[in-house]
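>>> Sequence below, structure please.
(one chain, ligands or ions: 3)
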Amino acid sequence: MKKLYVKTYGCQMNVYDSDRMAQLLRPHGYEMTDAPDDANIAIINTCHIREKATEKTFSEVGRFKKYRAKKRKAGEEGLLVVAGCVAQAEGAEIMRRAPYVDVVVGPQAYHRLPEMIAQAKRSIETFTGNPQVIDTDFPVESKFDHMPLPDSRSSLSSFLSIQEGCDKFCAFCVVPYTRGAEYSRSAAEILKEAEHLVNQGVKEITLLGQNVSAYKVQSPQGGTWGIGALCTEIANIEGLERIRYTTSHPRDMMDPDLIEAHRSCPKLMPFLHLPVQSGSDRILEAMNRKHTAKRYEEVIEVFREARPDMGFSSDFIVGFPGETEEDFEATLELIRKINYAQAYSFKYSPRPGTPAATLDLQVPTNIQDIRLERIQDLLFQQQRDFNNSFVGKTIPVLVEKLGNQKNQCLGKSPHQQSVQIESSHDIVGKIININITDAGLKVLMGRPESGLYVSDKTKI
Ligand code: SAH
Ligand code: SF4
Ligand code: F3S
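Ligands and ions are numbered 1, 2, ... in the order given. Next up, the predicted model:
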């Protein structure tokens, strides 16, 4: 077998895509390696969301140049592939700045990767220049129609892409340009993939989409199914224990089926990542979010009422063009009202081709830095408080792997917290009730309720 190395940046959708690309290449004789200098094909799956992410692509590409050259010198196959959102947005620029990149493939065209690699190899055999095979089309046919079912035999938790692309065009965001228009996979296709994953031992499925809450397909009965109906259907799969979905948009959340699913379906985890970006209506309007802070609060209330123990998470952008101190205070105020379980916050990064990049009143970096620190102080405090509220409680934890220390296992709580478990028994692969004894910013600590832990010898 030849070797394939894949380096993934960006969101969970890129993680899903990287797995699929690796799987597409397996029948062509490539197996995964962790050593980049060993690779016959190296794929860098890139992210374009902020300037820093894009810069990383160019430095990574430079780093891989030497691995590729070494292989070629040794007379072996050595190909460098750039995939993902930077490939889509700046494919030609990549080929210009790094002519040694052999293949550039966008996120909606990677089902054509085996063919593109064959083409690159053919041109290497027949002439001495660089092949420079590029495909950044948004093909009419869906890549999902060309994909084998995923192989997840070694994992308990798996991603499943159900929706791609975005039609919302927030003024700061590149995703509608890099991933294209909204597209929902058919329910039958998704259910087949979910059943297949569960048959392989997967216990938790996270449904993915750039706009997962915009999921919409025709139901088998002729009506429409949204994300709520889909979750309810997936919950019928025997052996599946947990369902999550991400990322949602406040505008599509008032789906009665989804609210009802959170109320009545125990497999649907009590955690919602619902980005708001800002708490100021003026800024929300400039961002083209098409919702107000009040509307966002109403959505949160509805879900809190349906599932009182729901934990909430969000994304925030600080220093969007024109953001005043007053606007920023409104964001802090919203955070205090909602009380988050955790959240991500970013400094606004102007992206080429997006409307916000050319707005006047760009906020200076030093002010962005101060605001980022202030927002993170508040969010981290809320996260600590949220985690501390579990100390003394017993919660079901999906135990995913052994920890680095002796007698330690690592798992995930229903609220997506990482849990370190002290246990002398190998409890990996099970959902176990854990008594939480301590908590930090990013982790809960505890022991199995049943007494399968090491310190108290009487309980072993
Ligand atoms: N589809 C999701 C997430 C998209 S990208 C949504 O609707 O929210 C993930 C996060 O990156 C966004 O929520 C936003 O907070 C952040 N982000 C996107 N573009 C950005 C930019 N230009 N500068 C800083 N952060 C950005
Ligand atoms: Fe980007 Fe907005 Fe679409 Fe999310 S909803 S992917 S932030 S344009
Ligand atoms: Fe990045 Fe593309 Fe995801 S820009 S965040 S990898 S959709």
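>>> How many neighbouring residues does Ile375 have?
Residues within reach of Ile375, counting by other C-beta atoms under 10 Å, total 20. To be clear about C-beta, it is placed using only N, CA and C from the backbone, and glycine gets the same treatment.
>>> can you check Leu79 too?
Leu79 has 24 nearby residues by other C-beta under 10 Å.
>>> List the contacts of it.
40-42, 68, 102-103, 117, 120-121 (C-beta atoms under 8 Å, 6 or more residues apart in numbering).
>>> Look up the residues forming beta bridges with it.
Leu79 has these beta-bridge partners by DSSP bridges: Ile41.
>>> From Lys121, how far off is it?
7 Å (C-beta to C-beta, to the nearest Å).
>>> wait, doesn't Gln382 sit right on Tyr340?
Yes. Gln382 lies in contact with Tyr340 (C-beta atoms under 8 Å); the separation is 5.1 Å.
>>> More neighbours: those two, which one.
Neighbours were counted for Gln382 and for Tyr340 using other C-beta under 10 Å; Tyr340 has more, 22 against 19.
>>> doesn't that one fall inside a helix?
No. Looking at Tyr340 with DSSP: H, G, I helix; E, B strand; the rest coil, it is coil, so not inside a helix.
>>> and it, what does it touch?
Counting by C-beta under 8 Å, 6+ apart, Tyr340 has contacts 312-314, 379, 382-383, 386.
>>> can you tell me which residues contact the nearest residue to Pro139 once chain neighbours are set aside?
Leaving aside its chain neighbours, Pro139 sits nearest to Ala109 (5.9 Å; criterion: C-beta to C-beta, 6 or more residues apart in numbering). By C-beta under 8 Å, 6+ apart, the contact list for Ala109 reads 135-139, 143.
>>> any idea where the helices of the stretch 301-450 of the chain begin and end?
325-338, 365-388 (DSSP state H, counting those that start in this stretch).
>>> Please identify which of those helices is closest to ligand 3.
Ligand 3 sits nearest to helix 365-388 of all these, at 18.6 Å, using C-beta to the nearest ligand atom.
>>> centre of the chain versus the closest one, how much separation?
22 Å (C-alpha atoms, centre = their mean, to the nearest Å).
>>> same check, this time on stretch 6-19
Counting by C-alpha atoms, centre = their mean, stretch 6-19 is centred 8 Å from the centre of its parent chain.
>>> in that stretch, what counts as buried?
6-11, 13-19 (16 or more other C-beta atoms under 10 Å).
>>> related to what we said a few turns ago, would you format the helices of the stretch 301-450 of the chain as TSV with mean pLDDT and distance to ligand 2 included?
Below are those laid out as TSV (pLDDT from 0 to 100; distance: least, C-beta to the nearest ligand atom, whole Å):
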stretch	mean pLDDT	distance to ligand 2
helix 325-338	98	16
helix 365-388	98	17
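>>> can you redo these as JSON lines with distance to ligand 1?
What follows is these, written out as JSON lines (distance: least, C-beta to the nearest ligand atom, whole Å):
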{"stretch": "helix 325-338", "distance to ligand 1": "12"}
{"stretch": "helix 365-388", "distance to ligand 1": "10"}
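>>> interface residues of the stretch 151-300 of the chain facing ligand 1?
172-173, 175, 210-211, 247, 249, 275, 277 (C-beta under 6 Å from any ligand atom).
>>> For the contacts of Ala109, name the two members farthest from one another.
Farthest apart among those by C-beta to C-beta are Thr136 and Lys143. That separation is 13.1 Å.
>>> Settle it for me: which of the two has more neighbours?
A count of neighbours by other C-beta under 10 Å puts Lys143 above the other of Thr136 and Lys143, at 20 against 17.
>>> for that one, what are its contacts?
Listed by C-beta under 8 Å, 6+ apart, the contact partners of Lys143 are 108-111.
>>> How about Thr354?
Thr354 touches 171-174, 177, counting by C-beta under 8 Å, 6+ apart.
>>> and ligand 3, which of the buried residues of stretch 6-19 reach it?
Near ligand 3, judged by C-beta under 6 Å from any ligand atom, the entries from the buried residues of stretch 6-19 are 10-11, 13-14.
>>> Make JSON lines out of these and add secondary structure, pLDDT and distance to ligand 2.
What follows is those, written out as JSON lines (DSSP: H, G, I helix; E, B strand; the rest coil; pLDDT from 0 to 100; distance: C-beta to the nearest ligand atom, whole Å):
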{"residue": "Gly10", "secondary structure": "coil", "pLDDT": "96", "distance to ligand 2": "12"}
{"residue": "Cys11", "secondary structure": "coil", "pLDDT": "96", "distance to ligand 2": "9"}
{"residue": "Met13", "secondary structure": "helix", "pLDDT": "96", "distance to ligand 2": "10"}
{"residue": "Asn14", "secondary structure": "helix", "pLDDT": "97", "distance to ligand 2": "13"}
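>>> any bit of stretch 158-171 sitting next to ligand 2?
Yes. Counting by C-beta under 6 Å from any ligand atom, ligand 2 has neighbours in stretch 158-171: 166, 168-170.
>>> of the residues you listed, buried ones?
Looks like those have 166, 168, 170 buried, using 16+ other C-beta under 10 Å.
>>> Cool, thanks, signing off.
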